[in-house]
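# Using only what follows, build the 3D model:
(chains A and B)
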Amino acid sequence: MARAATTADAFNAVAEPRRREILDVLAEGELAVGDVVRQVGLPQPQVSKHLRVLREVGAVDVRGDGRRRLYRLNGLALRPIHDWVSRYEQTWSDRFDRLDVLLDELKKEEGDVRDD
Amino acid sequence: MSVTTSQSATVTLPADDQILITRDFDAPRELVYRAHTTPELVSRWWTAKRGEMKIAEIDLRVGGSWRFVMVTPDGQEVGFHGMYREIVPNERLVSTEAYEGAPADEYPENATLNTATFEESDGRTTLTIRVEAPNKAVRDAIIASGMEAGLQDALDLLEEVANSLR
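Modelled structure (predicted):
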């Protein structure tokens, strides 16, 4: 599996459990770094690093408020994750479409047996 | 364009390490169960459009193993195997499932525990498959593998369905 692209897209950005925790915290509302640090229980440098990764893929937005920087969740950037599940769903839908055809045949066979 | 009469499988993620797949079938559950437990029948649907079935082995007893291997159009073999843990004919099938191509160093234990239940109502069957992964990383890797399906497969399928309706 390619490692180079670890933080290149939203999917990889949220593959890290701590970053998902941060997103969960931000889902409740806009927060300053200090608030995130308190709620997640990680040292500030680490939180800042994770927030930077999340910002790079657009999963969080930041704005200045005086001396503070406030972070908030950007749901739109997480759209690829929704699409990601959709493709997996497509695999199963394709399988089941075939199963439908097979089941129709089996039903006919069963019907034939009963008719005999 | 609306040509497909098929319905989508519904996939949800009920927990960090789980996948839940559900789908209704217009057939009694005996048939849906048989299609899951008979090698010749599994071979006809399990690969979807991703390849041809090469090996389908099913030793349908608790502690018995199963193995499915398909060959993709570019010649790659994709294999899965597992062991049956619980068998209630026509009702419930619990088995492990391991992807043979998972990098062992990255996913030392990639086997999931899959519980399939077959519920019948008015001649229709609701199939529910709960996939429990050892952890979230494995769960996510499984879902990511669905991306290989890609758009082309979806379009091919659409065409096939359209043709079958002529």
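# CA atoms for contacts and neighbours, from now on please.
Noted.
# The longest strand along chain B and chain A, are they touching?
In chain B, with assignment by DSSP state E, the single longest strand is strand B:77-88. No: on the criterion C-alpha under 8 Å from any C-alpha of the partner chain, strand B:77-88 is out of touch with chain A, staying 14.4 Å away.
# gap between stretch A:37-49 and the chain center?
Put simply, stretch A:37-49 sits 21 Å off its chain's centre (C-alpha atoms, centre = their mean, to the nearest Å).
# what's around B:Thr96, how many residues?
For B:Thr96, the neighbour count with other C-alpha atoms under 10 Å in any protein chain shown is 20.
# Same question for the one 4 residues further on.
Residues near B:Glu100, counting by other C-alpha under 10 Å, number 16.
# if I read this right, A:Tyr71 contacts A:Asp35, doesn't it?
No: counting by C-alpha atoms under 8 Å, A:Tyr71 does not reach A:Asp35; the two are 10.0 Å apart.
# Give me the more crowded residue out of these two.
Of the pair A:Tyr71 and A:Asp35, A:Tyr71 is the one with more neighbours under other C-alpha under 10 Å, namely 20 against 14.
# Spatially, what comes nearest to that one if we skip its sequence neighbours?
A:Val62 (4.5 Å; C-alpha to C-alpha, 6 or more residues apart in numbering or on different chains).
# ok, the one you found to A:Pro43 distance?
19 Å (C-alpha to C-alpha, to the nearest Å).
# How about B:Tyr33?
Distance from B:Tyr33 to A:Pro43, by C-alpha to C-alpha: 53 Å.
# How about B:Glu120?
Computed as C-alpha to C-alpha, the B:Glu120 to A:Pro43 distance reads 53 Å.
# in stretch B:9-24, what's buried?
Neighbour-count burial for stretch B:9-24 flags B:Ala9, B:Thr10, B:Val11, B:Asp17, B:Gln18, B:Ile19, B:Leu20, B:Ile21, B:Thr22, B:Arg23, B:Asp24 (criterion: 16 or more other C-alpha atoms under 10 Å in any protein chain shown).
# give me the element the residue most central in space within chain A is part of.
In chain A, the residue lying closest to the centroid (C-alpha atoms, centre = their mean) is A:Ile81, at 4.0 Å. Secondary structure from DSSP states H and E places A:Ile81 in helix A:79-115.
# who's in contact with stretch B:110-127?
B:22-29, B:32-33, B:82, B:90-99, B:102, B:128-134, B:138 (C-alpha atoms under 8 Å, 6 or more residues apart in numbering or on different chains).
# How far does that stretch sit from its chain's centre?
Relative to its chain's centre, stretch B:110-127 lies at 11 Å (C-alpha atoms, centre = their mean).
# Find the nearest non-adjacent residue to the most centrally placed residue in chain B, please.
Nearest to the geometric centre of chain B sits B:Trp46, at 6.2 Å (C-alpha atoms, centre = their mean). Nearest residue to B:Trp46, sequence neighbours excluded (C-alpha to C-alpha, 6+ apart): A:Arg95, at 5.5 Å.
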